[in-house]
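In: Structural data only, the sequence is not supplied:
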C-alpha cells in the first residue's frame, strides 16, 4: 500500500505544482501544434487566469504554467501535481534520514455557468503512505502531531484530501466582480499562495520551516470564502474550521466554522503580487497536556511575489513573506525569502533563507521551564535540478540540494551543534512548461480577450 499511491501518482500526473491557470480555444481557433502554443484565457474583467494561485490567492500575471490540459464538451480539464522520489539526510542529534516520496496531484474542471465561471478542484496526496505517519526529516520544522506529541524537526505528511472545493466568479459590471469559494477541504483567505504552488518554491522538495507562520491553513476542513475584486485589487474574507488536521490523514475532519480571516491583495503590475492578511484560528492546535483545551492562534501575514522572464530563455520567480503568530499570549515572528531561476527549461536553481522565532513548546523541549522561552532559528537551503529532455510532454529531472540550520547556543545541548548540515538527492517529474500567446492587459469588459504574441 505504501508505494501503490505513489505508483498511481507517477503514472497519472507527476507534475510540478502550480495554480489554477486555464486555457480555452474559441470557436475556429486552432492550437499552434508546431510550437506547442496555447491561447490564453482570461477570467471576468479580462483578468488572466494565470493569476489564480492556491485557494483564492493571487500570483503575478507573468507566472508560467506547468500543466496538462484537455477539453470535454463544455468542460476544460487541467491536471497539476508534484512528485519527488527523494533521499533526505538532516544533521544534528535531532536529525534523521529517509527514503520516500513527497507528492500531490490536483485536478480541475472549469466551465461557464450563466454570466460567470465555475471551477471544481480536487487535490490529493499519498504522503501518508510514502513518507510515513510522522512525515519526513526537516530540521527545525514544527507543527501538528504524531503519536499524540507535537512534531519537531519533521514535516508532517499532507492529508489524502488536500482540497475538495468549488470556486465561482461573476462580474457585476465592467470594473467589479465577486467570488465565492469553499468546500469540505479548502483554503481560507489567509497568507500568501501556499508553498507547493509557488514557482519560487517548487524546485525545493522540503517544506519551509516558516510554514506554520505563513500558509499552513492551505489544508482546512471546512471553509467559505467571499470576495469582491477589480482588475488590480481584491478584498475577501473567510469563515472556516481552524483546527489542524488530526493524525488520521485519510479522513476529513469537519467541525464548526468558528475561525475567520480577511485578506487584501494588490497587483501593481503583471510582475508583482502583494497581499496582507490576518486571521483568528480558534482551537487550532492540540495541547501537549492530555485533557487540556486546544490552543488558539492569531496570525498576521504580508508577502510580495515578483515573477518575470529574463531574456528569452530564462525565468526568475521570487517570494518575500512575513508572518506573526500569537499563541498563549506569546508573539513569535517569521521571515521567508526564496527564489528560483529556470534556464532554458534545462537548469533549475533555487534558494531559500528563513528566520523564525519558536518557543520551547513549539520545538518539543521536555523541560517545562523553557516551554515559553523564545528561540531564534534560521535555515538556508539551495537545490539544483537538471531537467532531461521532455518525453511525450513530460519533463524528468535529477536534483541535489543542501541546507544549513543555525541553532542558538542555548539549544546546542539538545541538537549537539550550532550549525547542522543537511543533504537531499531526488528525482522529479513534471509536465513541460506550456508555450502561450501572451495575454493582453486587462480590458474594460467582462469577457475574454485574446492577443497573439511571442510565447513566454
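Out: Thanks, I have the structure now. Everything quoted here is computed from the prediction, not taken from an experiment.

In: What residues does residue 221 make contact with?
Out: 184, 185, 241, 243, 245, 252, 253, 254, 255 (Cβ atoms under 8 Å, 6 or more residues apart in numbering). Every C-beta, even on glycine, is put in place using the N, C-alpha and C of the backbone.

In: List the buried residues in whichever strand or helix holds residue 137.
Out: Per DSSP states H and E: residue 137 is located in strand 136-146. Within strand 136-146, the residues that qualify as buried are 136, 137, 138, 139, 140, 141, 142, 143, 144, 145, 146, counting by 16 or more other Cβ atoms under 10 Å.

In: so can I have a markdown table of these showing pLDDT and distance to residue 99?
Out: As requested, the buried residues of strand 136-146 are exported to a markdown table (pLDDT from 0 to 100; distance: Cβ to Cβ, whole Å):
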| residue | pLDDT | distance to residue 99 |
| --- | --- | --- |
| 136 | 98 | 10 |
| 137 | 97 | 11 |
| 138 | 98 | 15 |
| 139 | 98 | 17 |
| 140 | 97 | 21 |
| 141 | 97 | 18 |
| 142 | 96 | 23 |
| 143 | 91 | 23 |
| 144 | 92 | 22 |
| 145 | 89 | 24 |
| 146 | 90 | 19 |
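
In: Export the residues you listed as TSV, with columns for distance to residue 173.
Out: Output for the buried residues of strand 136-146, formatted as TSV (distance: Cβ to Cβ, whole Å):
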residue	distance to residue 173
136	49
137	53
138	47
139	52
140	49
141	46
142	47
143	43
144	44
145	48
146	51
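
In: Name the spans of the protein whose pLDDT lies under the cut-off.
Out: 1-41, 287-292, 435-456 (pLDDT under 70).

In: Helices along that one, start to end?
Out: 4-12, 127-130, 211-214, 412-415 (DSSP state H).

In: what's the third one packed up against?
Out: To tie it back to what came earlier, the one meant is helix 211-214. strand 136-146, strand 295-310, strand 314-327, strand 330-343 (3 or more Cβ pairs under 8 Å, 6 or more residues apart in numbering; DSSP states H and E).

In: Which positions within the longest one qualify as buried?
Out: For strand 295-310, the neighbour count (16+ other Cβ under 10 Å) marks 295-308 as buried.

In: Pull the distance from that strand to the chain's centre.
Out: Mean-position distance between strand 295-310 and its chain equals 11 Å (Cα atoms, centre = their mean, to the nearest Å).

In: What pairs with the strand holding residue 137, parallel or antiparallel?
Out: strand 149-155 (antiparallel) (DSSP bridges).

In: mind listing what's buried in the partner strand?
Out: 150, 151, 152, 153, 154, 155.

In: Please produce TSV containing the helices and strands packed on helix 211-214, extended by distance to residue 63.
Out: Shown next, in TSV, are the helices and strands packed on helix 211-214 (distance: least, Cβ to Cβ, whole Å):
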stretch	distance to residue 63
strand 136-146	26
strand 295-310	5
strand 314-327	7
strand 330-343	12
